[in-house]
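Peer 1: everything below, folded, please.
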Amino acid sequence: MNLIKSVRQINKIILHCTATPEGRDVDASDITRWHKNRGWRNNGYHYVVKLDGTIEEGRSVQMVGAHTIGHNVGSLGVVYAGGCDKDMNPKDTRTPEQDIALTNLLSALLDMYPIAALYGHNEFSNKACPSFDVQEEYKFLINK
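Peer 2: The predicted structure is shown next:
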């Protein structure tokens, strides 16, 4: 996937999970359908990372996302498929392929938007999403 720089000023990159059970693959078209069924115009996330590490575009980076209430303007939303165990309890379910893809994507986005800070959705909402501590997991990217 070729990353395109947004003309919007980006100061936050916010990581999410799809809150789906471990092992269930989800793609951008699934999320688009879910979000349209909720009355949204389109997929609320800019990037979707599938179980095999494939990165798909959800919503154009030129458009304001619909992923974090009060923080969509000036941010990009990245979501990975998973985030719950089989009983729908929060769990870090990233596959090794997703882990590599997320690390590479987040690193590239932080390079592309040098004033941007990286956050987990749970830093702005009373949710477990993305089911792990983004600040701890990606401190090597944040402090590079």
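
Peer 1: please state the backbone phi and psi of Leu15?
Peer 2: phi -100, psi 140 (degrees, to the nearest 10).

Peer 1: need the distance between the two termini of stretch 48-59.
Peer 2: 9 Å (Cα to Cα, to the nearest Å).

Peer 1: in the protein, which spans are helices?
Peer 2: Assigned by DSSP state H, the helices in the chain fall at 28-37, 96-112, 134-137, 139-142.

Peer 1: and the ones you listed, which one averages the lowest pLDDT?
Peer 2: Here the helices of the chain differ in mean pLDDT, and the lowest is helix 139-142 at a mean of 89.

Peer 1: against which helices or strands is it packed?
Peer 2: Judged by 3 or more Cβ pairs under 8 Å, 6 or more residues apart in numbering; DSSP states H and E, the packing partners of helix 139-142 are helix 96-112, strand 117-120. From N, CA and C alone the C-beta is placed, and that goes for glycine too.

Peer 1: the last one pairs with which strands?
Peer 2: Paired strands of strand 117-120, with direction, are strand 12-17 (parallel) (DSSP bridges).

Peer 1: which outside residues touch the strand it pairs with?
Peer 2: The contact list for strand 12-17 (Cβ atoms under 8 Å, 6 or more residues apart in numbering) reads 45, 67-68, 71, 74-84, 93, 102, 106, 109-110, 113, 116-121, 124, 129-131, 134.

Peer 1: low-confidence stretches in this protein?
Peer 2: Residues of the chain meeting the criterion pLDDT under 70: 144.

Peer 1: relative to its centroid, which residue of it is most remote?
Peer 2: Asp87 (22.2 Å; Cα atoms, centre = their mean).

Peer 1: ok, now which ones touch it?
Peer 2: Here Asp87 is in contact with no residues (criterion: Cβ under 8 Å, 6+ apart).

Peer 1: cool, the one 5 residues further on as well?
Peer 2: The neighbours of Asp92, taking Cβ under 8 Å, 6+ apart as the test, are 83, 130-132.

Peer 1: try 10 Å this time
Peer 2: Counting by Cβ atoms under 10 Å, 6 or more residues apart in numbering, Asp92 touches 17, 22, 80, 82-83, 85, 99, 128, 130-133, 137.
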